[in-house]
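> Predicted model and sequence follow; I will ask about them next.
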Amino acid sequence: MALRGNIEKKAFGQSVIIEDVYAKVINVQGDKDNMDFRLGYMKDGVMVSDDAFFFVPDLDGTNFIQQCYEHLKGLDAFSSMEDC
């Protein structure tokens, strides 16, 4: 699973829109109290940026990677991105 869409990044005090990125969870670590993960943004096969996120996992829920994507889709910045 991954997400596809546009992201807004800050660069040198300016907002920059990167169009049609492929956003993929590239690292997950944590425990029952806190799950940290990194999301890599790929454009034309090259990672152009990444961000870190965290959430409290649901131990009775879906697998942790799926929970990462569910967490992202609940954030405004990712609400318009498509599953792919």
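Alright, I've got the coordinates. Residues are numbered from 1 along each chain as shown.

> switch to C-alpha atoms for all contacts and neighbour counts from now on
Will do.

> mind checking the longest strand of this protein?
Using DSSP state E to define each element, the chain has its longest strand at strand 14-30.

> packing partners for that one?
For strand 14-30, the packing partners by 3 or more C-alpha pairs under 8 Å, 6 or more residues apart in numbering; DSSP states H and E come out as strand 3-11, strand 35-43, helix 64-73.

> helices or strands next to the longest one in the packing?
By that I understand helix 64-73. Looks like helix 64-73 contacts strand 14-30 (3+ C-alpha pairs under 8 Å, 6+ apart).

> how far does the strand it packs on sit from the chain's center?
Put simply, strand 14-30 sits 5 Å off its chain's centre (C-alpha atoms, centre = their mean, to the nearest Å).

> tilt between it and strand 35-43?
Angle of strand 14-30 versus strand 35-43, following axes from the mean of the first three to the mean of the last three C-alpha atoms, to 10 degrees, is 140 degrees.

> re the thing from before, what would the helices and strands packed on strand 14-30 look like in a markdown table with mean neighbour count and distance to residue 52?
Shown next, in a markdown table, are those (neighbours: other C-alpha atoms under 10 Å; distance: least, C-alpha to C-alpha, whole Å):
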| stretch | mean neighbour count | distance to residue 52 |
| --- | --- | --- |
| strand 3-11 | 15 | 13 |
| strand 35-43 | 19 | 4 |
| helix 64-73 | 17 | 11 |
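
> re earlier: give the partner strands of the longest strand of the chain in its sheet and their orientations.
strand 3-11 (antiparallel), strand 35-43 (antiparallel) (DSSP bridges).
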